[in-house]
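*Asks:* Need a 3D model of the sequence below.
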Amino acid sequence: MKYCTPQPYPTRSAQSGLTLIELMVAMVIGLVIVMAAVAALTVARRGFTTVDAASQLRDNSRFATDILQRLGVQAGYQDVPAATTVRRNETGVLTNPPPGVSGLNNYSRTATAQLPDQGTARTAGDPGYGSDILVLRFQASETFPGSRVSDRTMINCLGGSNATIPADRSRDDRIVNVLHVAESQGELSLMCTSTSSDNTGDIPPTGASQPLVRGGENFQVLYGIDGSTPTATNPEPDRADRYVRADEIIVPGNTLATNNAWRRVRSIRIGMVVRGPLGSSQDTSSQTLFPFGPAKLNAAAAKGSAFVSADDPGTSFTTPTDSRLRQVVTFTIHLRNFQDQCAGTTCS
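*Replies:* Presented below is the predicted three-dimensional model:
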């Protein structure tokens, strides 16, 4: 008799999967990877923003340098008929014409200012505190003497050419450009106010001011004066032997002496601080910047002391902690044209 060996009951195969602990570990690892990726993306984006802002600052600085240098070499220019005509003392001739170069130290320009040299003294806490006003005058030129057609080689501070040519010698018709710092659409900017023709130095109160360099928050100007005494062999000195502020040139209550002093300006030194938008810098700490450069007065002096003056607050600029990228721009313009509109005679 044969016996059958009992067969085991069939069983289901064991199921495989993740335990709760394994799942939590995997989630933590994934979260760490995502956080690292987000952090890397954030750093990369901030780096891109900083690089982009730095590039824009360089472009703005280069543009400001180029156009200010061109305006500077145009300052005092007279067209051929005006420059070659003897100035006569007759009705309509200005006995003391405004100089080709002038300005104000630590002033803001107001819309109601009739003269380009007028403005409001800045006080601590004002936007653009310490910034100066620079005024440049010059004539447009004709295609050839007597054509009465502008050759459009002379530009205003907005880069446009001027079609208005001098009407006559007696009126001293000149283009006037005013550079100053003001707020435009909520952002400090280096502004340009220009008029195409002028014979008294006036600019209408409605003269349009347009932003020339957005982010220009500090604009400093020093004037290279030739202080040597004219002689028979050197009646008109042409070398700057010292740099002074506008308030050191102006003689209060004496327009003639003031204009004669301005006519001795031979060069202009410009110092600017240009800033980028909020968040353009990864460094939020405050810094001390020197618009005229960090040169020392002597070997033992402090950094930047060569041009820092207590009477000129903008020459040492302490930045707020606003995460803005900033760049200092410093350059010198050597004036090309003769600055005395009296053409060899004495203004009186």
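*Asks:* Spell out which helix or strand contains residue 37, please.
*Replies:* Here residue 37 is covered by helix 20-74, with elements defined by DSSP states H and E.
*Asks:* ok, then the element right after that helix?
*Replies:* As the chain continues past helix 20-74, the following element, by DSSP H and E, is helix 80-83.
*Asks:* Tell me what residue 273 is bridged to.
*Replies:* Assessed by DSSP bridges, residue 273 has beta-bridge partners residue 218, residue 328.
*Asks:* residue contacts, it?
*Replies:* Residue 273 makes contact with 216, 217, 218, 289, 291, 317, 326, 327, 328, 329 under the criterion Cβ atoms under 8 Å, 6 or more residues apart in numbering. Bear in mind the C-beta positions are built from the backbone N, C-alpha and C, glycine included.
*Asks:* can you count the residues close to the residue lying closest to residue 312 once chain neighbours are set aside?
*Replies:* Taking Cβ to Cβ, 6 or more residues apart in numbering, and ignoring the residues beside it in sequence, residue 312 has residue 245 as its nearest neighbour in space, at 5.6 Å. The number of residues packed around residue 245, counting by other Cβ atoms under 10 Å, is 20.
*Asks:* do you know how far residue 245 is from residue 337?
*Replies:* Plainly put, residue 245 is 23 Å away from residue 337 if you go by Cβ to Cβ, to the nearest Å.
*Asks:* all helices of the stretch 201-348 of the chain, in order?
*Replies:* In order along the chain, the stretch 201-348 of the chain carries the following helices (DSSP state H, counting those that start in this stretch): 255-262.
*Asks:* Low-confidence ranges, the stretch 1-150 of the chain, go.
*Replies:* Where the stretch 1-150 of the chain drops to pLDDT under 70, the residues are 1-17, 48, 83-94, 111-114.
*Asks:* so where do the strands sit in the stretch 201-348 of the chain?
*Replies:* Read by DSSP state E, counting those that start in this stretch, the stretch 201-348 of the chain holds these strands, from start to end of the chain: 209-214, 216-225, 242-244, 265-275, 288-289, 317-318, 326-334.
*Asks:* quick one, which of those strands is packed in tightest?
*Replies:* Stretch with highest mean neighbour count among the strands of the stretch 201-348 of the chain: strand 216-225 (a mean of 25; mean count of other Cβ atoms under 10 Å).
*Asks:* Just want the angle from that one to strand 209-214.
*Replies:* 100 degrees (axes from the mean of the first three to the mean of the last three Cα atoms, to 10 degrees).
*Asks:* Strand 216-225 packs against which elements?
*Replies:* The criterion is 3 or more Cβ pairs under 8 Å, 6 or more residues apart in numbering; DSSP states H and E, and the helices and strands that strand 216-225 contacts are strand 101-104, strand 175-184, strand 187-195, strand 242-244, strand 265-275.
*Asks:* can you put those in TSV and add distance to residue 256?
*Replies:* Formatted as TSV, the entries for the helices and strands packed on strand 216-225 read as follows, by distance: least, Cβ to Cβ, whole Å:
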stretch	distance to residue 256
strand 101-104	14
strand 175-184	20
strand 187-195	24
strand 242-244	19
strand 265-275	16
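*Asks:* These: which one's closest to residue 58?
*Replies:* Closest of the helices and strands packed on strand 216-225 to residue 58 is strand 265-275, at 9.3 Å (criterion: Cβ to Cβ).
*Asks:* mind saving the C-alpha coords of that closest one as PDB?
*Replies:* Below are the C-alpha coordinates for strand 265-275, written out as PDB (Å, rounded to 0.1, in the frame of the first residue of the first chain):
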ATOM      1  CA  VAL A 265      39.700 128.700 -15.900                       C
ATOM      2  CA  ARG A 266      41.900 126.400 -18.000                       C
ATOM      3  CA  SER A 267      40.700 123.000 -17.100                       C
ATOM      4  CA  ILE A 268      37.900 121.200 -15.300                       C
ATOM      5  CA  ARG A 269      38.300 118.200 -13.000                       C
ATOM      6  CA  ILE A 270      35.200 116.000 -12.700                       C
ATOM      7  CA  GLY A 271      34.400 113.500 -10.000                       C
ATOM      8  CA  MET A 272      31.300 111.400 -10.000                       C
ATOM      9  CA  VAL A 273      29.700 108.500  -8.100                       C
ATOM     10  CA  VAL A 274      27.300 106.500 -10.200                       C
ATOM     11  CA  ARG A 275      25.000 103.900  -8.500                       C
END
